[in-house]
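**Student:** I need the structure of the sequence given here:
(chains A and B)
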Amino acid sequence: GNSVTQMEGPVTLSEEAFLTINCTYTATGYPSLFWYVQYPGEGLQLLLKATKADDKGSNKGFEATYRKETTSFHLEKGSVQVSDSAVYFCALSVRVGGSEKLVFGKGTKLTVNP
Amino acid sequence: DTAVSQTPKYLVTQMGNDKSIKCEQNLGHDTMYWYKQDSKKFLKIMFSYNNKELIINETVPNRFSPKSPDKAHLNLHINSLELGDSAVYFCASSQEPRISGNTIYFGEGSWLTVV
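**Tutor:** Residues are numbered from 1 along each chain as shown, chains lettered A, B, ... in the order given. The predicted structure is shown next:
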């Protein structure tokens, strides 16, 4: 089956600390991989994505590399800010007929303190 | 202009009522979705429509009935609401995936509370 496992939160960091949120997946075939972010009280926004092995997705200082050999897509940022406080979701996509669905991890809540 | 818009944003209603959540996308996409986020923030797909045709129906109780009058709209109607239906419901859309990895764009969510 298809599933995504993320590190359990919550994660609390000080501003300018290094962030890693681990994500591993199991999938049939070769899925695309995504990180979505949900800021407090808001909807989901795409943060970055990678569609094939060894691709690196990056946005707003965040990056993640599609590692087929370790079935991982860990999210990293070199220096977090208070405004990065949010819930981060790792997801993979699978095609179903003429559609596509996202299978999400359980989310990791990040709090960044000044 | 909001790409995927859903209304209402907040809805509080009593058990047993029937309610609808509306969704519209102005991106010209072929595919629309409903996802549910439970109280533990876990997100799961409920339905997907492609060009008004139901493609994905993920073991959702038949009290939930999606309706797609056209490609740009996918409404969610819920009959006989139960306490366990309290959740955030997200509408989303994407182009028809000719290859994997199309970005799925989400609306801002509709917070449903059943009392």
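**Student:** mind listing what the most centrally placed residue in chain B touches?
**Tutor:** The centroid of chain B falls nearest to B:Trp34 when counting by CA atoms, centre = their mean (2.7 Å). Shown in contact with B:Trp34 (CB atoms under 8 Å, 6 or more residues apart in numbering or on different chains): B:23, B:45-47, B:66, B:74, B:76, B:89-92. For glycine as for every other residue, the C-beta is placed from the backbone atoms N, C-alpha and C.
**Student:** any idea which element it lies in?
**Tutor:** Following DSSP states H and E, one finds B:Trp34 within strand B:31-37.
**Student:** hey, which helix or strand in the chain has the poorest pLDDT?
**Tutor:** Here I'm looking at chain A. Of all helical and strand segments in chain A, the minimum by mean pLDDT, DSSP states H and E falls on strand A:99-104, at a mean of 86.
**Student:** my bad, the chain I had in mind was chain B
**Tutor:** Lowest-scoring helix/strand for chain B, mean pLDDT, DSSP H and E: strand B:53-57, at a mean of 87.
**Student:** Output the contacting helices and strands for that strand.
**Tutor:** Under the contact definition 3 or more CB pairs under 8 Å, 6 or more residues apart in numbering or on different chains; DSSP states H and E, strand B:53-57 sits against strand A:99-104, strand B:43-50.
**Student:** Identify all contacting residues around the helix or strand following it.
**Tutor:** Counting by DSSP H and E, the next helix or strand C-terminal to strand B:53-57 is strand B:64-70. Residues from elsewhere that reach strand B:64-70 (CB under 8 Å, 6+ apart): B:32, B:34, B:46-47, B:49, B:52, B:54, B:74-79.
**Student:** same question, stretch A:70-79
**Tutor:** Residues from elsewhere that reach stretch A:70-79, judged by CB under 8 Å, 6+ apart: A:16-27, A:33, A:35, A:47, A:50, A:61-67, A:84, A:88, A:90.
**Student:** repeat for stretch A:104-114
**Tutor:** Stretch A:104-114 has contacts (CB under 8 Å, 6+ apart) with A:4-15, A:17, A:19, A:21, A:23, A:36, A:38, A:80-91, B:40-44.
**Student:** circling back to that earlier point, how far off strand B:64-70 does the strand holding B:Trp34 point, in degrees?
**Tutor:** Interaxial angle of strand B:31-37 relative to strand B:64-70 (axes from the mean of the first three to the mean of the last three CA atoms, to 10 degrees): 150 degrees.
**Student:** one step back: okay, buried residues for the least confident helix or strand of chain B please.
**Tutor:** Using 16 or more other CB atoms under 10 Å in any protein chain shown as the test for burial, strand B:53-57 gives B:55-56.
**Student:** Now residue 18. Nearest residue, chain neighbours left out?
**Tutor:** Reading this off chain A. A:Gly78 (5.9 Å; CB to CB, 6 or more residues apart in numbering or on different chains).
**Student:** try chain B instead
**Tutor:** B:Asn79 (4.9 Å).
**Student:** Show me what counts as buried in stretch B:93-109.
**Tutor:** B:93-94, B:97, B:100-102, B:104-109.
**Student:** tell me the SS of the residue in chain B that chain A sits nearest to?
**Tutor:** For chain B and chain A, the shortest gap (CB to the nearest CB) falls at B:Gly101, measuring 3.3 Å. Put simply, B:Gly101 is coil when judged by DSSP: H, G, I helix; E, B strand; the rest coil.
**Student:** Count the neighbours of B:Lys44 for me.
**Tutor:** 16 (other CB atoms under 10 Å in any protein chain shown).
**Student:** residue contacts, it?
**Tutor:** A:104, B:35-36, B:38, B:58.
**Student:** Please pick the buried ones from these.
**Tutor:** Neighbour counting with 16+ other CB under 10 Å marks A:104, B:35-36 as buried within these.
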